[in-house]
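1. Structure, please.
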Amino acid sequence: MTISLEKISDDFGRFWTAINAAGNFSAALQELNIKHNSRVELNEFWQQRKVCQRILGKLVRVATQFPRYLREV
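-> Predicted coordinates:
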């Protein structure tokens, strides 16, 4: 059986009946519309991570170089 992602709502119905599935068909069909690991969510995650890494890097630099700055002033 071939299921086309472009026509998933039509093909999923055929798949559902082919395997004699039991349960709530409409709820199962709605699950197919949920985006998991979407590019937008991943981009937001990586942007937040970059900000955190940058802040951490600045804190490390302050902690390591500030005492030298105080000695030289």
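2. quick one: pLDDT of Asp10?
-> Looking at Asp10, its pLDDT reads 82.
3. Around it, count how many other residues there are.
-> As a burial measure, Asp10 scores 11 neighbours (other CB atoms under 10 Å). (C-beta placed from N, C-alpha, C; glycine too.)
4. cool, Ala28 as well?
-> Ala28: 12 surrounding residues under other CB under 10 Å.
5. List the residues that contact it.
-> Neighbouring residues of Ala28 by CB atoms under 8 Å, 6 or more residues apart in numbering: 12, 16, 21.
6. Drop anything exposed from those residues.
-> Phe12 (16 or more other CB atoms under 10 Å).
7. Of the contacts of Ala28, which belong to helices?
-> Among the contacts of Ala28, the ones falling in helices (DSSP state H) are 12, 16.
8. Need the contacts of Ala28 in CSV (columns: distance to Gln48).
-> Below are the contacts of Ala28 laid out as CSV (distance: CB to CB, whole Å):
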residue, distance to Gln48
Phe12, 35
Trp16, 39
Ala21, 39
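9. ok, the contacts of Ala28 vs Lys50, which is closest?
-> Distance to Lys50, by CB to CB, is smallest for Phe12 among the contacts of Ala28, at 38.2 Å.
10. out of the contacts of Ala28, who's nearest Ile55?
-> Phe12 (45.3 Å).
11. Sticking with the nearest residue to that closest one once chain neighbours are set aside, tell me its helix or strand.
-> Leaving aside its sequence neighbours, Phe12 sits nearest to Leu29 (CB to CB, 6 or more residues apart in numbering; 6.0 Å). Following DSSP states H and E, one finds Leu29 within helix 25-31.
12. Using CSV, write out every CA atom in that helix.
-> Taking C-alpha atoms only, helix 25-31 is exported to CSV below (Å, rounded to 0.1, in the frame of the first residue of the first chain):
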residue,chain,number,x,y,z
PHE,A,25,-10.5,7.9,13.4
SER,A,26,-11.0,11.7,13.5
ALA,A,27,-8.6,11.9,16.5
ALA,A,28,-6.0,9.8,14.7
LEU,A,29,-6.4,12.0,11.6
GLN,A,30,-5.9,15.1,13.7
GLU,A,31,-2.7,13.7,15.1
